[in-house]
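A.B. asks: this is a predicted model, with the sequence first.
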Amino acid sequence: MQITFIDTEESWKQMLPLSYTRPVAEVRVGILKVHEKWSKRFSTENIFFRSEDYFQNIFLAPTEKTLTILGNVLPTEKVFNSIKELKEDEALSYQDQIIAGYYDKDESFDLGNRKAVQLDELHQVAYPWDIFRVNGSEIKKDFDLLTKGRKSEPINDQHTKTYGDQIFLEKGAKVKAAVLNAENGPIYIGKDAEVQEGALIRGPFALCEHSTINMGAKIKGDSTIGPHCKVGGEVSNSVIFGYSNKGHEGFLGNSVIGEWCNLGADTNNSNLKNNYANVKMWDFATGGFKDTGLQFCGLIMGDHSKCGINTMFNTGTTVGVSANIFGDGFPRTIIPSFAWGGSSGFTTYQTRKAFETAELVMKRRSKDLTEADKAMLSHIFEITAENRVWEKK
């Protein structure tokens, strides 16, 4: 079976800045990426994407008619069964959205002459803050999906204390002198991942393959650390996609961090306003701030962005792709892609310098910055120029 995940103009823009460098279905929420949740349920690895044209050298596009699913839709039993039962002359819809149907490679993702099959409920990650909002429940669903009928590797360390029985270790996972509390939700430790001495972890929590929780870290529930990350300090209800580091002390809460990011020592973000009001965050689809409806909302950071030691992020801050932030004080709450600076102002982080840094960072993980990667980042540099207002002076 072949499945294509499609982004509409609206759904892609709403997930910015995270979707600058990936289709929306490539977003990690829970343990798995969105498309992985679907592919495991459909037992297929034939996955394609219809999104921005500049992704086509990185993410495979379909070449024929396939089952096509809106990329921000999360699978539930009801939606999964509804899609399985769809006929080729039908389309699944929810309110005014098309959710799924059988579409040709270039066909418009609308109802056309199909018969609409209506859903009465739908779970989506429409905005970046939805990722951490639903992360706890998605960890639970993914945990069941990944561990059903399987037996965990044992925890043989006598100095590790566990609570609850929903703790699963993949092959090669290491846990030493840590506290794992799964009474409020499962804890998943991926292949060759490591939990070091003195770490305190509460579920729901996922540590993906080849990642490390550093000594003395405090990881609160509803958090996911993607593959090949190193994380220390305090983390609460946050998702780090992968290949990113928060290796030192400092607080990260109600946040989403992209790939190839680094948070300097003692970086902290605020996740609650002093007046306890709902947090507003930048909405790229409308070009203005949007009420998230959430009282707790921290930092959204796009891929390849970095911040120096002691950086402070205010409540509801959005950082674009390949920004480099440093200095004292609070920088603005919307930091454009390829920005260089901090609270005292920004200049442009030119692509030549950005590529030099990215190549060094990726080399440490035995990865290459490919020509396709450079082309994608160069395109992002161009399309985000209008947000770097200092260039217009």
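C.D. replies: Done, it's in. Nothing here was measured: the structure is a model prediction, and the numbers come from that model.

A.B. asks: mean confidence score for stretch 26-44?
C.D. replies: Mean per-residue pLDDT for stretch 26-44: 98.

A.B. asks: which parts of it are buried?
C.D. replies: Buried residues in stretch 26-44, defined by neighbour count with 16 or more other Cβ atoms under 10 Å: 26-39, 42. C-beta coordinates here come from the backbone N, C-alpha and C atoms, glycine included.

A.B. asks: ok, so of the residues you listed, who is nearest residue 309?
C.D. replies: Nearest to residue 309 among the buried residues of stretch 26-44: residue 28, at 26.8 Å, using Cβ to Cβ.

A.B. asks: so what sits opposite the closest one in the bridge?
C.D. replies: residue 33 (DSSP bridges).

A.B. asks: and for the chain, the residue most distant from the center?
C.D. replies: Distance from the C-alpha centroid of the chain peaks at residue 113, with 35.4 Å (Cα atoms, centre = their mean).

A.B. asks: grab the nearest non-local neighbour of that one.
C.D. replies: In space, and not counting its chain neighbours, residue 113 is closest to residue 89: 7.9 Å by Cβ to Cβ, 6 or more residues apart in numbering.

A.B. asks: surely that neighbour touches residue 117?
C.D. replies: No. Contact between residue 89 and residue 117 fails when scored by Cβ atoms under 8 Å: they sit 10.5 Å apart.

A.B. asks: quick one, which of those two is more surrounded?
C.D. replies: With neighbours defined as other Cβ atoms under 10 Å, residue 89 and residue 117 compare such that residue 117 has more, 17 against 11.

A.B. asks: for the stretch 51-200 of the chain, give me the ranges with low pLDDT.
C.D. replies: Nowhere does the stretch 51-200 of the chain drop to pLDDT under 70.

A.B. asks: what about the strands in it?
C.D. replies: If DSSP state E, counting those that start in this stretch is used as the criterion, the strands of the stretch 51-200 of the chain fall at 66-70, 90-94, 97-103, 115-118, 161-163, 167-169, 174-175, 179-181, 187-189, 194-195, 200-202.

A.B. asks: tell me which of these is the most buried.
C.D. replies: Of all the strands of the stretch 51-200 of the chain, strand 187-189 carries the top mean neighbour count, a mean of 27, counting by mean count of other Cβ atoms under 10 Å.

A.B. asks: what strands flank that one, and is each parallel or antiparallel?
C.D. replies: Strands flanking strand 187-189 in the sheet, each with its direction: strand 167-169 (parallel), strand 205-207 (parallel) (DSSP bridges).

A.B. asks: let's have the ones you listed in a markdown table, adding distance to residue 345.
C.D. replies: Below are those laid out as a markdown table (distance: least, Cβ to Cβ, whole Å):
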| stretch | distance to residue 345 |
| --- | --- |
| strand 167-169 | 48 |
| strand 205-207 | 38 |
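
A.B. asks: and those: which comes nearest residue 253?
C.D. replies: The nearest among those, by Cβ to Cβ, is strand 205-207 at 14.2 Å.

A.B. asks: buried set for the closest one?
C.D. replies: By neighbour count on 16+ other Cβ under 10 Å, the buried set for strand 205-207 is 205, 206, 207.

A.B. asks: quick check, nearest of the residues you listed to residue 10?
C.D. replies: Comparing the buried residues of strand 205-207 against residue 10 with Cβ to Cβ places residue 206 closest, at 29.2 Å.

A.B. asks: list the contacts for the closest one?
C.D. replies: Applying Cβ atoms under 8 Å, 6 or more residues apart in numbering to residue 206 gives the contacts 30, 31, 139, 142, 143, 187, 188, 190, 223, 224, 225.

A.B. asks: okay, how far is it across stretch 40-51, tip to tip?
C.D. replies: Stretch 40-51 has its terminal residues 22 Å apart, counting by Cα to Cα, to the nearest Å.

A.B. asks: typo on my end, stretch 162-173
C.D. replies: Terminal residues of stretch 162-173 lie 15 Å apart, using Cα to Cα.

A.B. asks: number of nearby residues for residue 359?
C.D. replies: 14.

A.B. asks: helix/strand/coil for it?
C.D. replies: Per DSSP: H, G, I helix; E, B strand; the rest coil, the local secondary structure of residue 359 is helix.

A.B. asks: what about it, distance to residue 115?
C.D. replies: Separation of residue 359 from residue 115 (Cβ to Cβ, to the nearest Å) stands at 52 Å.

A.B. asks: and what of residue 161?
C.D. replies: Residue 161 is 57 Å from residue 115, where distance means Cβ to Cβ.

A.B. asks: now residue 237
C.D. replies: Distance of residue 237 to residue 115, given as Cβ to Cβ: 41 Å.

A.B. asks: and what of residue 261?
C.D. replies: From residue 261 over to residue 115 the distance is 45 Å, taken as Cβ to Cβ.

A.B. asks: next one: residue 139
C.D. replies: 36 Å.

A.B. asks: now do the strands in the stretch 251-393 of the chain.
C.D. replies: Using DSSP E, counting those that start in this stretch, the strands assigned to the stretch 251-393 of the chain run over residues 251-253, 256-259, 262-263, 268-269, 280-283, 288-291, 299-301, 306-307, 312-313, 317-319, 324-325, 334-335, 339-342, 345-348.
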